[in-house]
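> next comes the sequence, and after it the predicted model I'd like to discuss.
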Amino acid sequence: MRVLLGLCASLLLLYGVSARGKPRDCALLGPAFPRPTDLPSSQSFKDDLDRLSRKLAEALESSTINGAESSFSLNIFTVEDEAPIWEYHHVASQFNGTLPAEGLDGDTIYRIASITKLLTVYVLLIESGFEVLDEKITKYIPELAAVPKGVETDTVQWNDITLGALATHLAGILRAATFGDLAPTIESPHIPEGSFPPLDGEDALSCGYSPQNAPCSRKALLDEVLLRHPVYPPFSAPIYSNTAFTLLGLALEQIKGKPLEDMMNESVFVPLGLSRTSLLQPKNHSWGIVPVSPMSSFWNVSFGLEAPGINAYSTANDLSRLGRAILNATLLSATDTRRWMKPMTHTGSTSYSVGAPWEIFRVDSPRVIDMYSKSGSVGSYKSLLFLLPDHNVGFTILVAAPGPSPLYPIASVMTSQLIPALEKEARRQAQMNFAGAYRASGVNSSIVLDANDKHHGIGISSWNSNGTDVIEILKTLAGSRNSSDTARVRLFPTQLMRDSICPGSRKSCTDVSFRLVVEVVPADADNTGYEGMFSRRCDHWVLLDGLLYSHISIDEVMITVEKVSGRAVAVEPRAWRFRMDKIEGPVLSVYEQSFPENAFKSQGVMSSWVDE
C-alpha cells in the first residue's frame, strides 16, 4: 500500500492536484450518463416536448418570433427513430408567395444555403478520406500554383494552404469572390456622395451571386480570387470563407474526375434516401416554399462554381435523415465520424468553436455540452442543422422570411427547452436501469449505484470489497489525509462495449464500459483552497487510468446490461477480479436538475452568424 500511495502522490504532484482545494463537480467530456433511448415512450419527455410547443406558440403570440412574415419547419430526431419524434410548422400569417398544394410540412423544400458546405465536406471525406485534407490546394488548381510568392500583405500564400485549412475556415482568404463589393452600389442613398474615391477605370465583378448576374466562369472567378488580399496568415484564426468551398469543390472534382453534383447524389443523397435534396435547383418547383417571388427570394438564383458552399435545397425530413446518418456513422466509420466531429479552432468566444465546417456551441450549465451545428443564409432562406452527440439527438430549423429571420430566436427556445429535457431523461433512465444494490457470490463484497442526486455521472454511494470500504481507499488514493473529508465517486460511460451473455441466463447482454472519477470534498470546503483561474480546472481527464492493480486500471468498471430491457444485471470493477450481481432495484424518483432560464443566452450561444 505504501508503494501505491507513493505513486499516487507522485501523480498528484505531477499534475498539480490538491485535495484541499474547493471541490468542483467536474465531469469527463462526453455523456454524463448512458445516452437516453426510446424517447417517444417516455411520458416525462413527451411532457417536455409539449412544453416546447407551448413556448414556441407563446413566442409567436408575443412576437418574440416574427410569425407575421416568417414561415418555418422544425423537427427533432433521434438515431433510433426513422421519423422525427417532434415537428412544428408555421405559415406566416401575412404569407405572400407560393406553397406546396399539401401545405407546409416536413417534405417542403427550402434552400439550405451554407449547410451545403457540410455536404461538400461529407462527400470529400466519403470519397477521399482524411488524408486528402493535408494536401495543398495548389496540387489541384494550377492557376493558384502559378501565383508568384509575393508580399504576404498583398498576396495569398497559396502554397501554404491545404484542403483542411479551406474546410475549417483557417485559410485566411477572402470571404466571397462575388459578394460584398460596394462599387456597383456607390450611388446608393445609404452611402453619402464622396464617401469613397472615384474609380479610375476599375470595374467591379459583374458575374455571380446577384439575381441579375450570370454565374462566373472559372477564369473570371479565379481572376477575382487572385486579385484579393489575404485576410490573415493561414492557420491563424477562423475567417469565414465561402470562396474556400468553391475551391474545395473544384479540387474534389479534379480528384475524382466527375461533377460534385454526381458525387453528392451517389455518395449521400441516394444511399440515405434524400429524395428531395439536391445541389442544384429542384426540377419540381411545386414542392418548395417561395416567399414573394423566385427572384427576390433567391429560390432560382444559381451560384455556378460557388455551388459547393451555398447552392443546395432540402427539407426538414431529409436534413433529419442526414443528421441521423452522421450520428449513426452510416456512411463514415465510427472512428472517422468522431474524428470529424471535433473542433479544429476556437473563435473569440469561449462558447464557440469551429470544425470542418462545424459551428460548435458549448454550454456549461450545469456541465459542458458541445453542440455541433451548421447554419445557412441566402436571400429569404435561413437554415440550421443541430446535432447533440451526447444524447444521439438532433434538430432542424428551416425558415423562409422576406424580412428579419427568427432563426436564432427559434434556436434559443429549442436549445433552452430540449437540452435540459434530454439531461433529465438521461438521468431518469440511468436511475431506472442502473441504480440499486449488487452483491458478489461467495465473498463479502457489494456495491450500491445511484443517479438520483445533483452530480454528474452514476454515483457509487457504497462499495465494500471483502469487508473493506473501497470508497475510503479511493479517497486516500486521491490525496485526502483527513478522515472527515468525503469523496464523491462517479461512473462515466466511455462508449466502449461488447456483446455478452447475461450471467445466470442465456439472454443477450451488453457489457458497457465505465470509468470512475473521485472528487474529494474537504470537511472545511467552504474555507479552504484558493479562488482563481487554476482553481476551476477539471483534471479528471489527466488522472484517468493512472493507477493500476496488476495491469488493470482501478478506475475501469464494466456493467452488464440486458439488451432487451436495458436494465443492468451485474457490475464488475475489473481490477478487483469479481462480479457483483444485482439484488435490489432502484428508487424511481429522479433529481430535478435546475437549468437557469438564460443559460443558453448569457454565453452568446445563439449569437447571429451571418453566412450569406
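Cool, got the structure. Residues are numbered from 1 along each chain as shown.
> how about the closest residue to P573 other than its chain neighbours: which residues does it bridge to?
Closest residue in space to P573, ignoring its immediate chain neighbours: V557 at 5.2 Å, by C-beta to C-beta, 6 or more residues apart in numbering. C-beta coordinates here come from the backbone N, C-alpha and C atoms, glycine included. Under DSSP bridges, the beta-bridge partners of V557 are F514, P573.
> V557 contacts F514, doesn't it?
Yes: the criterion here is C-beta atoms under 8 Å, and V557 meets it with F514 at 4.6 Å.
> find residues that contact each of these two.
Residues touching both V557 and F514 (C-beta atoms under 8 Å, 6 or more residues apart in numbering) are L491.
> which of these two has more neighbours?
Remark: of V557 and F514, V557 carries more neighbours, 24 against 21, as counted by other C-beta atoms under 10 Å.
> quick one: contacts for the more buried one?
With contact taken as C-beta under 8 Å, 6+ apart, V557 is in contact with L491, S513, F514, R515, L516, V571, E572, P573, R574.
> so the first one touches L449, yeah?
When you say that, I think you mean L491. Yes: counting by C-beta under 8 Å, L449 is a contact partner of L491 at 7.4 Å.
> which residues do these two both contact?
I458, G459, I460.
> give me the pLDDT value at the second one.
As summarised for this prediction, G459 has a pLDDT of 97.
> how about the one 3 residues further on?
At S462 the predicted local distance difference test score is 96.
> count the residues that sit near it.
Neighbour number of S462 under other C-beta under 10 Å is 15.
> can you give me the helices for the stretch 51-200 of the chain?
Secondary structure of the stretch 51-200 of the chain (DSSP state H, counting those that start in this stretch): helices at 115-128, 142-145, 163-167.
> what's the pLDDT at the closest residue to S565 other than its chain neighbours?
Distances taken as C-beta to C-beta, 6+ apart put N433 closest to S565, at 7.9 Å, once the chain neighbours are dropped. N433 is assigned 97 on the pLDDT scale.
> what's the spacing between N433 and A570?
N433 sits 13 Å away from A570, going by C-beta to C-beta, to the nearest Å.
> what of G323?
Distance of G323 to A570, given as C-beta to C-beta: 35 Å.
> more neighbours: which of the two?
When G323 and A570 are compared for neighbours, G323 comes out ahead with 25 against 20, by other C-beta under 10 Å.
> so that one sits right up against L385, yeah?
Yes: using C-beta under 8 Å, G323 is in contact with L385, at 5.7 Å.
> what is in contact with these two at once?
G394, T396.
> what about the strands in the stretch 101-250 of the chain?
Secondary structure of the stretch 101-250 of the chain, counting by DSSP state E, counting those that start in this stretch: strands at 110-111.
> contacting residues for T347?
Here T347 is in contact with A237, P238, S353, V354 (C-beta under 8 Å, 6+ apart).
> cool, and Q212?
Here Q212 is in contact with no residue (C-beta under 8 Å, 6+ apart).
> distance of it from M295?
Counting by C-beta to C-beta - Q212 and M295 are separated by 9 Å.
> who wins for neighbours among the contacts of T347?
P238 (23 neighbours).
> how far away is that one from G172?
Counting by C-beta to C-beta - P238 and G172 are separated by 9 Å.
> same check on F33?
41 Å.
> same question, P142
21 Å.
> same thing with W287?
40 Å.
> could you do V292 as well?
37 Å.
> need the contact list for Y549.
With C-beta under 8 Å, 6+ apart as the criterion, the residues that contact Y549 are A575, W576.
> what's across from it in the sheet?
I552.
> circling back to that earlier point, between W287 and G172, point out the one with more neighbours.
Ranked by neighbour count (other C-beta under 10 Å), W287 and G172 place G172 first, with 22 against 17.
> just give me the residue right at the centre of this protein.
In the chain, the residue lying closest to the centroid (C-alpha atoms, centre = their mean) is Y372, at 1.7 Å.
> which of the three states applies to R506?
coil (DSSP: H, G, I helix; E, B strand; the rest coil).
> neighbours around it, how many?
6.
> read off the pLDDT value for it.
On the pLDDT scale, R506 is placed at 86.
> element containing the nearest residue in space to L28 that is not next to it in sequence, please.
Nearest non-adjacent residue to L28, counting by C-beta to C-beta, 6+ apart: F492, 4.7 Å away. When elements are assigned from DSSP states H and E, F492 belongs to strand 486-501.
> then N317?
Assigned by DSSP H and E, N317 belongs to helix 316-327.
> which other residues reach that helix?
Here helix 316-327 makes contact (C-beta under 8 Å, 6+ apart) with 73-75, 77-79, 83-84, 87, 106-108, 112, 115, 119, 122, 268, 272-277, 314, 330-332, 337, 341, 383, 385-387, 389, 392, 394, 396, 398.
> buried set for the next helix-or-strand element following that helix?
Remark: after helix 316-327, the chain's next helix or strand is helix 334-340, criterion DSSP H and E. Using 16 or more other C-beta atoms under 10 Å as the test for burial, helix 334-340 gives T337, W340.
> show the average pLDDT along the helix or strand following helix 334-340.
Later in the chain than helix 334-340, the nearest helix or strand by DSSP H and E is strand 345-346. Mean per-residue pLDDT for strand 345-346: 98.
> so which elements touch the helix or strand just after strand 345-346?
Note on strand 345-346: by DSSP H and E, the next helix or strand toward the C-terminus is strand 352-354. When contacts are defined as 3 or more C-beta pairs under 8 Å, 6 or more residues apart in numbering; DSSP states H and E, strand 352-354 packs onto strand 345-346, strand 359-363.
> winner for burial among those strands?
With neighbours taken as mean count of other C-beta atoms under 10 Å, these reach their highest mean count in strand 359-363, at a mean of 21.
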